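S.K.: Fold the following and give me the result.
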Amino acid sequence: METGGGRFGVSETLGALNAALKKEPGPPASVWFKESSARNLRSRDFLAPQAALRPLFAGGQVPKDIIEDVMSLKRPGLPPLQSCQQTPLGLTVQLQRPAAFQQALNSIAELTKPFQSTSGQSIILNCTPLWSQRSLAMLSLSHLRAILVTDHLAEVLRIQGLNVHLVPAVPDEGIQKFLHQLRVDWPSELETTFIPEDVLALKQVLSQCPYAIVPGLEPGQTRLADDVIFKVHLKNFLVQQSLEGYDPNLDVCLVTEEKLQVLAELRQMALRCAKHLVCGPVKVANSPSPVGAPQYFQLRRCQMYEASVMKYGDLVQDDSWTEIISVLTSAAMRFEMLSTAHQSQIFLDLEDSSISTKGTKSGAFVMYNCARLATLFKSYEQAVEQGAYPAFPPASELNFSLLREEGEWLLLFNYILPFPETLSQAAQLPLSSKGIRITASTEAVCKFLIHLSMDFSSYYNRVHILGEPLPHLFSQMFARLQLMRGVRDVIHRALATLHLPPLSQI
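M.R.: Model prediction:
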């Protein structure tokens, strides 16, 4: 069974397929796309639609010699092709799936390892809501969302090889303790200190700025706090300077000595133009009064405890469940805050029953399936100790042609193979984009984990991975276990970007 060798990647395969259809000099057109639905994957893995082929070939009919070129593709990162056919839908390609399983699952750790596109570069993530937080009681749900988005983004950037610096520092012990409960490791001290001369220079600039007013000089103004030294009309400045991408909610900024110190510190850490990742607000449905972050945490923790007691009874009283409930609560909150695109508004239903492990779109459901995998491998190891199953053979000796279930290819092709690219997508920040506001795929990992958990759960409920201890069934069992190792590794790596430890039991 010959393979192209190298790390099997979806983008590499798409690049090779596009290059094979290239007729004119210059970069190849992007005409191929990867299939993902179970229905389409029954007959094809990649499709070049007929509409995309017409500009390249007369009537969209691909010449026979080019189809032969596609079939003969062999390069690192590309598995052997089973077929390439012209159909009414377009040009379709199906991979040699046993070879693809073997190429991908022979080295799971290498396959699921994130790409490191950059190394040694530094980036500063400035979580602006934290500058105004002097106590835990002031921490709103919108503030919490911004913190969790920043924390997750920092981790996906780190695994890409960047040095990430989080600001501002949060010295308040109450906020630090609360963030620690959510497994957010935020600095309590700044990495640099401001220089008094820099603060004086900023004051001088503001004193000469037409958009900055010294309090007390405006007729009829209301009294401001004693520590306010300048009142800056930011919105007027941004509009008149024709700066694009600013937050339309910006208006007047009240400048204090402390804020100037913060700005001086930031200028020392970053001398280039900043970009802003704006988080939409968090609204609570049917709540007569504002809900703060601590109240939200306690409510979700109580709900998670009650859901666990309902499902597992007195077992939840065990000491080990304290940590389990803590992880489940953190997972529930992170998935609620991160599964929606950061620029969109979130509506929370604090009575939502999907907080339980039965809700397929919840963080608890992802953790439940993570624990199911742990239980699966624990059961196998116990059976080996009892002599029911033989020890696991080397991956190179496994017979992956026995993986014929529809759900098995779906797990490999939709999740294990694209996982490194999902992480790369989550870490892409378009810093060269026009304007100062940018968007990032901070929801990508949570959505990926939810869909993976749903498809894994469907497969796990349908297929008996640990079958009868009969020698003629062992080969298929080992191939399936190796696939489950890949699923487990992907889930663990993805959860790590959310600072969520994998659970071994629920």
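S.K.: Next, the residues that contact stretch 147-156 from outside, please.
M.R.: Defining contact as C-beta atoms under 8 Å, 6 or more residues apart in numbering, one finds that stretch 147-156 is touched by 125, 127, 129-130, 164, 166, 179, 182, 184-186, 277, 279, 333-334, 337-338, 342, 423, 426-427, 440, 442, 445, 496-499. For the C-beta atoms, the positions are set from N, CA and C on the backbone; glycine is no exception.
S.K.: Could you turn the buried ones of these into a PyMOL selection?
M.R.: Applying 16 or more other C-beta atoms under 10 Å to these, the buried members can be selected in PyMOL as follows:
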select buried, resi 125+127+129+130+164+166+179+182+184+186+277+279+333+334+337+338+342+423+426+427+440+442+445+497+498+499
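S.K.: Quick check on residue 167: phi, psi?
M.R.: The phi/psi pair for residue 167 (degrees, to the nearest 10) reads phi -140, psi 150.
S.K.: Skip the chain neighbours and tell me the closest residue to it.
M.R.: residue 126 (5.0 Å; C-beta to C-beta, 6 or more residues apart in numbering).
S.K.: Mark which of the contacts of stretch 147-156 are part of strands, please.
M.R.: 125, 164, 166, 277 (DSSP state E).
S.K.: give me every residue that touches the third one.
M.R.: Meaning residue 166. By C-beta under 8 Å, 6+ apart, the residues touching residue 166 are 125, 127, 150, 154, 186-187.
S.K.: before we move on, the earlier item: among the contacts of stretch 147-156, name the ones in helices.
M.R.: The helices, defined by DSSP state H, take in 179, 333-334, 337-338, 423, 426-427, 445, 496 from the contacts of stretch 147-156.
S.K.: Using the record's domain definitions, break this structure down for me.
M.R.: Listed by automatic domain parsing, the domain ranges of the chain are 10-95, 122-278.
S.K.: quick revisit: burial check on the residue nearest to residue 167, number of neighbours?
M.R.: 18 (other C-beta atoms under 10 Å).
S.K.: That one contacts residue 168, doesn't it?
M.R.: Yes - using C-beta atoms under 8 Å, residue 126 is in contact with residue 168, at 7.3 Å.
S.K.: Could you list which residues are in contact with residue 96?
M.R.: Applying C-beta under 8 Å, 6+ apart to residue 96 gives the contacts 1, 79-82.
S.K.: ranking these by neighbours, who comes first?
M.R.: Counting neighbours by other C-beta under 10 Å, residue 79 comes out on top of the contacts of residue 96 with 27 neighbours.
S.K.: show me where pLDDT drops low in the stretch 51-200 of the chain?
M.R.: 116-120, 190-195 (pLDDT under 70).
S.K.: Break down it into its helices, ranges please.
M.R.: 64-71, 97-105, 108-111, 141-158, 173-181, 196-207 (DSSP state H, counting those that start in this stretch).
S.K.: closest to residue 38 out of those?
M.R.: Closest to residue 38 of the helices of the stretch 51-200 of the chain is helix 97-105 (C-beta to C-beta; 14.2 Å).
S.K.: For the closest one, buried residues please.
M.R.: Residues of helix 97-105 classed as buried by neighbour count (16+ other C-beta under 10 Å): 97-105.
S.K.: so can I have JSON lines of those showing distance to residue 264?
M.R.: Converted to JSON lines, those look like this (distance: C-beta to C-beta, whole Å):
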{"residue": "97", "distance to residue 264": "59"}
{"residue": "98", "distance to residue 264": "62"}
{"residue": "99", "distance to residue 264": "59"}
{"residue": "100", "distance to residue 264": "55"}
{"residue": "101", "distance to residue 264": "57"}
{"residue": "102", "distance to residue 264": "58"}
{"residue": "103", "distance to residue 264": "54"}
{"residue": "104", "distance to residue 264": "51"}
{"residue": "105", "distance to residue 264": "53"}
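S.K.: between the residues you listed, which is nearest residue 46?
M.R.: The nearest member of these to residue 46, counting by C-beta to C-beta, is residue 100 at 12.1 Å.
S.K.: quick one: contacts for the closest one?
M.R.: 8, 79, 412-413.
S.K.: Show me what the host helix or strand of residue 450 is in contact with.
M.R.: Residue 450 is part of helix 444-462, with elements assigned from DSSP states H and E. With contact meaning C-beta under 8 Å, 6+ apart, helix 444-462 is reached by 152, 156, 334-335, 338-339, 360-361, 363, 365-366, 368-369, 372-373, 376, 405, 407-408, 410-411, 414-415, 419, 422-423, 425-426, 487, 490-491, 494-495, 497-498.
S.K.: thinking again about what came up before, which of the contacts of residue 100 count as buried?
M.R.: By 16+ other C-beta under 10 Å, these give 8, 79, 412-413 as buried.
S.K.: the strands in the stretch 1-150 of the chain, which residues?
M.R.: 33-34, 46-49, 81-87, 90-95, 122-126 (DSSP state E, counting those that start in this stretch).
S.K.: For my notes, please list those strands in a markdown table and give distance to residue 290 for each entry.
M.R.: Listed next are the strands of the stretch 1-150 of the chain as a markdown table, based on distance: least, C-beta to C-beta, whole Å:
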| stretch | distance to residue 290 |
| --- | --- |
| strand 33-34 | 44 |
| strand 46-49 | 50 |
| strand 81-87 | 57 |
| strand 90-95 | 53 |
| strand 122-126 | 25 |
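S.K.: Tell me which of the ones you listed sits nearest to residue 175.
M.R.: Among the strands of the stretch 1-150 of the chain, strand 122-126 sits nearest to residue 175 (C-beta to C-beta), with 16.5 Å.
S.K.: related to what we said a few turns ago, quick check: which of the ones in helices among the contacts of stretch 147-156 has the minimum pLDDT.
M.R.: Within those, residue 427 has the lowest pLDDT, namely 84.
S.K.: which residues sit in contact with that residue?
M.R.: Contacts here follow C-beta under 8 Å, 6+ apart; on that basis residue 427 touches 153, 156-157, 159-160.
S.K.: Checking my notes, residue 378 in a strand, right?
M.R.: No - counting by DSSP: H, G, I helix; E, B strand; the rest coil, residue 378 is not part of a strand but helix.
S.K.: State the pLDDT value of residue 432.
M.R.: pLDDT for residue 432: 69.
S.K.: can you check residue 354 too?
M.R.: At residue 354, pLDDT is 54.
S.K.: next one: residue 463
M.R.: Here, the pLDDT recorded for residue 463 equals 95.
S.K.: what does residue 5 give?
M.R.: 49.
S.K.: Between the two ends of stretch 132-140, how far is it?
M.R.: End-to-end span of stretch 132-140 (C-alpha to C-alpha, to the nearest Å): 11 Å.
S.K.: How about stretch 199-214, which residues are buried there?
M.R.: For stretch 199-214, by 16+ other C-beta under 10 Å, it's 199, 202, 206, 211-213.
S.K.: Residue 301: which of those residues is nearest?
M.R.: Looking across those and measuring by C-beta to C-beta, the closest to residue 301 is residue 199, at 42.4 Å.
S.K.: from memory the closest one sits against residue 261, does it?
M.R.: Yes - using C-beta under 8 Å, residue 199 is in contact with residue 261, at 5.9 Å.
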